[in-house]
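Trainee: My questions are about this predicted structure, shown below with the sequence.
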Amino acid sequence: MEIRVLRYFLAVVREQNISRAAEALHITQPTLSRQIAELEEDIGRPLFVRGRRLVLTEAGMMLRRRAEEAVALIDKIETEFRHGDEVGGTIAVGSGVYAAGVEVIRALADFSLVYPNVQYEIYTNSADTLRDRLDAGLLDFAILQEPIDIAHYDYFRLPTREIWGILTRADSELAKKEKIRRKDLVGRKLISTGRQSVRKEVEQWIGDMSELDMFASHNLVDNSLPLVESGFADAITIEGAAAYCDPQRFAFRRFEPKLTSTVVLAWKRFQPSFGAAGLFLDFLREKYML
């Protein structure tokens, strides 16, 4: 299975039409049709449901995800070696929305002054997705909130701790309080993190859950903002994730007693030891005096 053919497949997925995909790829329609047919033969299953537009089968959806990963990895390898002895290529950093993560991302600006030919890919998602991309080689670094299984990675713990609290509408009753205690949450619809390991820590802080209405969960707090802004619900989250919310529309209030989490910068074991990613790791170690 060639990377070139996977690129053809992804073009057909994007265009949902063989003719348009062939035009975008600058090849003939019969050539593209033949390549897709041969790919389906190699896979042993149809990849598309043929109709007025092409729709992916279950096998097609599975291949799309793997093809996107493979193509992205090949593109990354090619970019890394394109610059010869000159430091270049792409550093890929994945993170949730954390105060500690912001510090690492800001460090990219300082690093770029020293190595102007390096480019950056900044990817935001949940910790589980970031680990998958780290394992697949699509990320050089992942900024992960603990607790999380990091036994298979090298890492260091970032000094900034994430502070938990409530994100609420700016004119709500909770916004009038300086700190939020458990009793303040009773009778309100709550949206909590979807990560079970993190959620357990929050629930341990809360204690008795029987009187609380855990209405929904989120993997990134941004998904909760419409419900919070409407006044329908409040989101349990960390202060770093709420830092860029409009203070005219939203308010963040810390829990009392204080609840905090730690964050790690992780990378695949034995990597990165060279190239731009290795230099950036050295840069961060110096920054944090590790």
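Mentor: Alright, I've got the coordinates.
Trainee: quick one, helices of the stretch 1-150 of the chain?
Mentor: Ranges of helices within the stretch 1-150 of the chain are 3-15, 18-25, 29-43, 58-81, 99-114, 127-135, based on DSSP state H, counting those that start in this stretch.
Trainee: Out of those, the one nearest Phe270 is which?
Mentor: Evaluated over those, closeness to Phe270 peaks at helix 127-135, with 13.2 Å, by CB to CB. C-beta: built from backbone N, CA, C; applies to glycine.
Trainee: Check the helices of the stretch 1-150 of the chain for me: which has the lowest mean pLDDT.
Mentor: Among those, helix 58-81 carries the lowest mean pLDDT, a mean of 83.
Trainee: where does this structure have its least confident helix or strand?
Mentor: Every helix and strand of the chain was ranked by mean pLDDT, DSSP states H and E. The lowest is helix 58-81, at a mean of 83.
Trainee: Tell me the buried residues in it?
Mentor: Of the residues in helix 58-81, Gly60, Leu63, Arg64, Ala67, Glu69, Ala70, Val71, Ala72, Lys76, Thr79, Glu80 count as buried by neighbour count, 16 or more other CB atoms under 10 Å.
Trainee: who touches it?
Mentor: 3, 6-7, 9-10, 13, 43, 45-48, 56, 88-90, 92, 119, 133, 136-138, 275-276 (CB atoms under 8 Å, 6 or more residues apart in numbering).
Trainee: Distance check, the nearest residue to Cys245 once chain neighbours are set aside against Arg182.
Mentor: Excluding the flanking residues, the one nearest Cys245 by CB to CB, 6 or more residues apart in numbering is Leu167, at 6.8 Å. Counting by CB to CB, to the nearest Å, the gap from Leu167 to Arg182 is 17 Å.
Trainee: Equivalent analysis for Gly88, please.
Mentor: 52 Å.
Trainee: what's the answer for Leu212, then?
Mentor: Distance from Leu212 to Arg182, by CB to CB: 8 Å.
Trainee: the more surrounded of these two?
Mentor: Set Leu212 next to Arg182 and count neighbours by other CB atoms under 10 Å: Leu212 wins out with 19 against 16.
Trainee: ok, now which ones touch that one?
Mentor: Leu185, Val186, Leu190, Ile206.
Trainee: go again using 10 Å as the cut-off
Mentor: Arg182, Leu185, Val186, Gly187, Arg188, Lys189, Leu190, Ser192, Glu203, Ile206, Ile236 (CB atoms under 10 Å, 6 or more residues apart in numbering).
Trainee: List only buried entries from those residues.
Mentor: Arg182, Leu185, Arg188, Leu190, Ser192, Glu203, Ile206, Ile236.
Trainee: Now the two most distant members of the residues you listed.
Mentor: Going by CB to CB, the pair spanning the buried ones among the contacts of Leu212 furthest: Arg188 and Glu203, at 15.9 Å.
Trainee: sorry, back to before: which pair of the contacts of Leu212 spans the longest distance?
Mentor: Gly187 and Glu203 (17.8 Å).
Trainee: Output the below-cut-off pLDDT ranges for this protein.
Mentor: For the chain, the stretches with pLDDT under 70 are 79-85, 271-274, 290.
Trainee: centroid residue for the protein?
Mentor: Asn125 (2.0 Å; CA atoms, centre = their mean).
Trainee: pretty sure it is touching Leu138, no?
Mentor: No - with contacts defined as CB atoms under 10 Å, Asn125 does not count as touching Leu138, sitting 11.2 Å away.
Trainee: Quickly list what's touching both of these two.
Mentor: Gly94, Asp132.
Trainee: sorry, back to before: would you turn the buried ones among the contacts of Leu212 into TSV with secondary structure?
Mentor: Below are the buried ones among the contacts of Leu212 laid out as TSV (DSSP: H, G, I helix; E, B strand; the rest coil):
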residue	secondary structure
Arg182	helix
Leu185	helix
Arg188	coil
Leu190	strand
Ser192	strand
Glu203	helix
Ile206	helix
Ile236	strand
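Trainee: now, which of those sits nearest Ser230?
Mentor: For the buried ones among the contacts of Leu212, the nearest to Ser230 is Arg188 (13.3 Å; CB to CB).
Trainee: Quick check: that closest one touching Glu173?
Mentor: Yes - at 8.7 Å, Arg188 counts as touching Glu173 under the criterion of CB under 10 Å.
Trainee: Can you pull the residues that touch both of the two?
Mentor: Asp234.
Trainee: and the protein, what are its domains?
Mentor: 3-79, 87-160+263-287, 162-260 (automatic domain parsing).
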